[in-house]
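# How does the following fold in three dimensions:
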Amino acid sequence: MLRAEVDGLSIAYQRAGSGPTLVLLHGFLFDSRAWRPQLEGLSDHFTVIAWDAPGAGQSSDPPETFKIGDWVNCLAGLLDVAGVENAHIVGLSWGGILSQEFYRRYPSRAQSLVLADTYAGWKGSLPEPICEERLAGCLRDASLPPSELVSKYLPAMHSESASQDVRHRLGSIMSDFHPLGFRLMARSSAQVDTRDLLPKISVPTLLIWGDGDVRLPMNVAYRIHDAIPGAKLAVIPGVGHLSNFEAPAQFDAEVRDFCLSASIT
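Okay, the predicted model is just below:
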């Protein structure tokens, strides 16, 4: 694990391979370990960077005042330290929200966007009562013991057909969650609405979705896809919210083909 000091925070990240740069942004309750299949599977063609966002994994917890724009600036600072001017930005779930907001603030630093099983912010994708209910539940559940939190949240992260190995590895990562990071990421998810941004995205954009995602049904994917000019949508059948972890070969193939093509154009 590598480390960088950015805006007074210690940021842990992994780096593998060589070639065009892919930056992998994880969802809440997870960290860079959720990208292990891609760190291994995509480093043959790319320089792959996966961070532990502030408030996750081995990175520092941010202050209580941290908002999505602070994560965006911290990510830009990490890329500066890593010597990366621009990259293909790949975000899953909360990481996809972060990807969109990164593009809003630093459009020239994104060669392309890959948005996997994500939202236009909870505010932009969910009815207001559901958004409020989901946020209240996360703020309450952040104080649960790890074993109880995993039991409550893990089933929605994978499909019913997920292997026991996948369930165990995802649960192991989730059990190391940071309560503060979980609260702040949930709050930022509820505050963000990128519907105004989507029609303005001008870089190549790929959406990847597991059609068994119970947290994010396909109608959310269709709305985001329809709003982004020229966006492509790849659906992986039979997998859930963490499509990259349940079906890494299919996920990697979609990302590899798309990003190599986007690197040429």
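# hey, let's count contacts and neighbours off CA atoms from now on
OK.
# how about the residue lying closest to residue 244 once chain neighbours are set aside, phi and psi?
The shortest distance from residue 244 to any non-neighbouring residue, by Cα to Cα, 6 or more residues apart in numbering, is to residue 251 (5.4 Å). Here is the backbone geometry of residue 251 (degrees, to the nearest 10): phi -60, psi -50.
# What count of nearby residues applies to residue 251?
Residues near residue 251, counting by other Cα atoms under 10 Å, number 23.
# Also residue 129?
When counting by other Cα under 10 Å, one arrives at 10 neighbours for residue 129.
# then the host helix or strand of it to PDB, C-alphas only?
For residue 129, the host element (DSSP states H and E) is helix 128-141. In PDB, the C-alpha atoms belonging to helix 128-141 read as follows (Å, rounded to 0.1, in the frame of the first residue of the first chain):
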ATOM      1  CA  GLU A 128     -37.300  12.200  -1.600                       C
ATOM      2  CA  PRO A 129     -38.900  10.100   1.200                       C
ATOM      3  CA  ILE A 130     -36.700   7.100   0.300                       C
ATOM      4  CA  CYS A 131     -33.600   9.300   0.200                       C
ATOM      5  CA  GLU A 132     -34.400  10.700   3.600                       C
ATOM      6  CA  GLU A 133     -35.200   7.200   5.000                       C
ATOM      7  CA  ARG A 134     -32.000   5.700   3.600                       C
ATOM      8  CA  LEU A 135     -29.900   8.600   5.100                       C
ATOM      9  CA  ALA A 136     -31.500   8.300   8.500                       C
ATOM     10  CA  GLY A 137     -30.900   4.500   8.500                       C
ATOM     11  CA  CYS A 138     -27.200   4.900   7.600                       C
ATOM     12  CA  LEU A 139     -26.700   7.600  10.200                       C
ATOM     13  CA  ARG A 140     -28.300   5.300  12.800                       C
ATOM     14  CA  ASP A 141     -26.500   2.200  11.700                       C
END
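# what inclination does the next helix or strand after it have with respect to helix 128-141?
Counting by DSSP H and E, the element after helix 128-141 in chain order, helix or strand, is helix 146-153. Following axes from the mean of the first three to the mean of the last three Cα atoms, to 10 degrees, one obtains 160 degrees for the angle between helix 146-153 and helix 128-141.
# outside of helix 146-153, which residues touch it?
For helix 146-153, contacts defined as Cα atoms under 8 Å, 6 or more residues apart in numbering pick out 141, 142, 171, 174, 175, 176, 177.
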